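In: Let's see this in three dimensions:
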Amino acid sequence: MALTKNQIVSRVYELGFTKKQAAELVETLLEIIKNTLANGEDVLISGFGKFCVRQKSQRRGRNPATGEDLILPPRRVVTFKCSGKLRDKINGVT
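Out: Next comes the predicted model:
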């Protein structure tokens, strides 16, 4: 099961914040991350990982429903690379 934004707010609430403060804190953090990525800048969170914006060029694709060939336009995508500390924690390495 995925961790939802509501569950994150609940965990911040457990740290002693009011429910409203916890919600505002989480929303503000996510807005900062979204705005930074929208401006084309990377977001590095030490001990967690790095969110990067990558440019993908135009390419050929195919509609799987009809089999029709089409051209996919250039776009920007967000990628995530986890830190070594997070990778070790996930793999149970001490």
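
In: Name the single longest helix found in the protein.
Out: Residue-count comparison of every helix in the chain, with assignments taken from DSSP state H, identifies helix 19-38 as the longest.

In: Give the other helices and strands that that helix contacts.
Out: Counting contacts by 3 or more Cβ pairs under 8 Å, 6 or more residues apart in numbering; DSSP states H and E, helix 19-38 is packed against helix 5-13, strand 43-45, strand 49-56. C-beta: built from backbone N, CA, C; applies to glycine.

In: would you list the ones you listed in JSON lines and tack on mean neighbour count?
Out: Output for the helices and strands packed on helix 19-38, formatted as JSON lines (neighbours: other Cβ atoms under 10 Å):
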{"stretch": "helix 5-13", "mean neighbour count": "14"}
{"stretch": "strand 43-45", "mean neighbour count": "13"}
{"stretch": "strand 49-56", "mean neighbour count": "14"}
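
In: which stretch among the ones you listed comes nearest Leu30?
Out: Leu30 lies closest to helix 5-13 among the helices and strands packed on helix 19-38, at 7.6 Å (Cβ to Cβ).

In: just to revisit the earlier point, what mean pLDDT does the longest helix of the chain get?
Out: Computed over helix 19-38, the mean pLDDT rounds to 97.

In: Show residues contacting that helix.
Out: 5, 8-10, 12-13, 15, 17, 42-43, 51, 53, 78 (Cβ atoms under 8 Å, 6 or more residues apart in numbering).

In: for those residues, which one is nearest Asp88?
Out: Within those, distances to Asp88 taken as Cβ to Cβ reach their minimum at Phe51, with 19.7 Å.
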